[in-house]
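>>> A structural model of the following input is requested.
(one chain, ligands or ions: 1)
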Amino acid sequence: MCGIVGISAQRNIVKHLIDGLAALEYRGYDSAGVALLGPDGIVRLRAKGKVRDLAALQLETGLDGHCGIAHTRWATHGVPSEGNAHPHVSGQVSVVHNGIIENHAALRAELQAQGYEFSSQTDTEVIAHMVERAQRAGRTLLQAVQEVVPQLHGAYAIVVVSAREPGTLVGARLGSPLVVGLGEGEQYFGSDVHALLPLTRRFLYLEEGDVAELSTAGVQVYTLAGEKVQREVKESQFNADAVQRGDYAHYMLKEIHEQSQAVADTLEGRIAGGKVLTQIFGVEAEQLLAATQAVHIIACGTSYHAGLVARYWIEQLAGVPCTTEIASEYRYRDPVVREGTLFLTISQSGETADTLAALKLAKQMPYLAQLAVCNVPESSIVRESSLVLMTRAGPEIGVASTKAFTTQLVALALFALALGRVKGLDDARYADGVRQLEQLPGLIVETLKLDAEIKTLAERFTDKHHALFLGRGTHWPVAMEGALKLKEISYIHAEAYAAGELKHGPLALVDEDMPVIAVAPNDRLIDKLKSNLEEVRARGGQLYAFVDETVAHGLDAAHVVILPAAGEIAAPVISTLPLQLLSYHVAVLRGTDVDQPRNLAKSVTVE
Ligand code: AGP
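Reported below is the predicted structural model:
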């Protein structure tokens, strides 16, 4: 999704604005732009395409300055083009915006009636004209923004600069994240901390409705009602190195190989003496878990798949009814909440608009509590939740989620085991679950040694247009995650089915051109899955089986990849790894943009 950087300093800062945009590239975008205050007013450069195109333009023109704003745009209103790229300008004012202004059409009509001319198809341009109009009526930049934002319906993070007040930047947020970075004699805005990590590690996280005015002298934050507030200064745990690609060809590959460490980090301090430490879910966790009669899990995309795996675990280990639902569906139906239900969101970014909206809705309903499993401290979802269990995957830059997914599974397994313990899970099964988690980091290292074998296998997929993924039980969502990975980065159409559903429809698709990928641990459903695979073989389908050694015997598949044997908790994590590697290598062979697949954004902050 869109990215914002703003800097007010006493030195030339265009390089830092553009570097900040480059650090935000992972969010997904289609055009980029920068606006600086020059001696004659606002000077702007914009380019369709990549940040490097904008950087080349800046080199050509030599544009520089001490105060400016920059943006990467992910098109919502209007095609990707230079004309629609931000910053947008109206007279002396320039603005960058993330989010969607839902009432832009009415505002545009009103402004046009007053003589304002529009040069883009975007919803954002109305903000530039509205701030300009307010300034022309005598408002300071701060007053102008404070006057404008209550008129905007929808979601926004904006930063505005005005040639009438050189050196001042005003930012505001509602529904889209915006942080303030604190420097020595210079201050910054960023849509996330990654944009600013080379400049500072001290941040103020703006809250919903906040308006912040910054200059080289400092920062002042106001509520939407205009009252001065202090927001706590937080030191970021991330450092700039964590977002470097190092020797890896792609962030995705780096992140796949970081999974052993990320899982170890997610487990650290959460298990002791063979037990999950219940207090990791909060000081009153014992009582909360005891009171939990049902769990509603809400998430999107990959995080939703993690939630689907957790549903099996929560019901199997704790005997507690659990539903897992896509956030964009949940928020627009009328969910029924029984007494004793815990609301659980899963999100890598903690900023996904639908998940955040579902959480806000849930806070008005009689849930026991709202637990977030999230990877970004200080994100909106973390701040809105009453309980938090952080995954410790570190920054995930590749749009395709990898280490975020496996660490989510680990966090959810901790939850299912802790809940199971309180609900009477037998000692042996509980101890075995904990042991499996402890062994996971080593098992991940083992499994990733299959990389070369999977790379060879990937060559068989490069000319394919479709693929079918099959699994049963917890491996059905694993198959869904495998299909999502393949489709999002290689653009091969892929579907996942619960293997038992095969003969109810999708079997009609199976022929020699349709690769069928099955993930099969040795669990109680293995014999049933083997029968399903026979159905595929009998129709001439090319079968690729990712199975543990205990299952491989007698399996009639074109290609069998043997995974380390793992139990009910570890197996979904282990089985996910070869599917990540497969889609990665297929995408590389097909020459797609692995880390920033077309049309996609890392952090989906609009509905
Ligand atoms: C998958 O690879 C994607 N990154 C996407 O499906 C993602 O999981 C989804 O947009 C939800 O994001 P979140 O975890 O940040 O909420």
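>>> Partner strands of whatever helix or strand Ile298 lives in, with direction?
Counting by DSSP states H and E, the element that carries Ile298 is strand 294-299. Strand 294-299 pairs in its sheet with strand 322-326 (parallel), strand 341-347 (parallel), by DSSP bridges.
>>> would you list the ones you listed in TSV and tack on mean neighbour count, mean pLDDT and distance to Arg429?
All C-beta spots, glycine's among them, are computed from the backbone N, C-alpha and C. Output for those, formatted as TSV (neighbours: other Cβ atoms under 10 Å; pLDDT from 0 to 100; distance: least, Cβ to Cβ, whole Å):
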stretch	mean neighbour count	mean pLDDT	distance to Arg429
strand 322-326	20	98	18
strand 341-347	29	98	22
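>>> Could you say which one of those strands comes nearest to the ligand?
For the strands paired with strand 294-299, proximity to the ligand was assessed by Cβ to the nearest ligand atom; strand 341-347 is nearest, at 3.3 Å.
>>> which element follows that closest one toward the C-terminus?
Later in the chain than strand 341-347, the nearest helix or strand by DSSP H and E is helix 353-362.
>>> Could you name the helices and strands sitting against that following helix?
strand 294-299, helix 327-330, strand 341-347, strand 370-374, helix 380-384 (3 or more Cβ pairs under 8 Å, 6 or more residues apart in numbering; DSSP states H and E).
>>> ok, which residues in the stretch 451-600 of the chain are in contact with the ligand?
Leu484, Glu488 (Cβ under 6 Å from any ligand atom).
>>> mind listing the helices for the stretch 451-600 of the chain?
451-458, 475-490, 526-538, 549-552, 570-590 (DSSP state H, counting those that start in this stretch).
>>> List the contacts of the residue of the stretch 201-350 of the chain found nearest the ligand.
Proximity of the stretch 201-350 of the chain to the ligand (Cβ to the nearest ligand atom) peaks at Gly301, 1.9 Å away. Shown in contact with Gly301 (Cβ atoms under 8 Å, 6 or more residues apart in numbering): Ser401, Leu484, Val604.
>>> What's the separation between it and Pro477?
The gap separating Gly301 from Pro477 is 12 Å, by Cβ to Cβ, to the nearest Å.
>>> Overlap of the contact sets of these two?
By Cβ under 8 Å, 6+ apart, no residue touches both Gly301 and Pro477.
>>> buried sites along the helix or strand just after the strand holding Ile298?
Downstream of strand 294-299, the first helix or strand assigned by DSSP H and E is helix 301-313. Neighbour-count burial for helix 301-313 flags 301-313 (criterion: 16 or more other Cβ atoms under 10 Å).
>>> among the strands paired with strand 294-299, which is nearest Gln92?
Closest to Gln92 of the strands paired with strand 294-299 is strand 341-347 (Cβ to Cβ; 39.2 Å).
>>> Specify the beta-bridge partners of Tyr497.
Under DSSP bridges, the beta-bridge partners of Tyr497 are Leu470.
>>> Can you give me the pLDDT of it?
pLDDT for Tyr497: 95.
>>> got a list of contacts for the strand holding Ile298?
Residues outside strand 294-299 that contact it (Cβ under 8 Å, 6+ apart) are 306-307, 310-311, 314, 320-327, 330, 335, 337-338, 340-347, 352, 355, 358-359, 362, 367, 419.
>>> Check stretch 268-282 too.
Stretch 268-282 is contacted from outside by 285-286, 288-289, 369, 371, 386-387, 389, 392, 414-415, 417-418, 421-422, 431, 434-435, 437-438, using Cβ under 8 Å, 6+ apart.
>>> Which members of those residues are positioned in strands?
Among the contacts of stretch 268-282, DSSP state E puts Leu371, Leu387, Leu389 in strands.
>>> Neighbours of the nearest residue to the second one once chain neighbours are set aside, how many?
By that I understand Leu387. Using Cβ to Cβ, 6 or more residues apart in numbering and skipping the chain neighbours, the partner closest in space to Leu387 is Leu371 (4.3 Å). By the measure other Cβ atoms under 10 Å, the count of residues near Leu371 is 25.
>>> can you check Tyr205 too?
For Tyr205, the neighbour count with other Cβ under 10 Å is 21.
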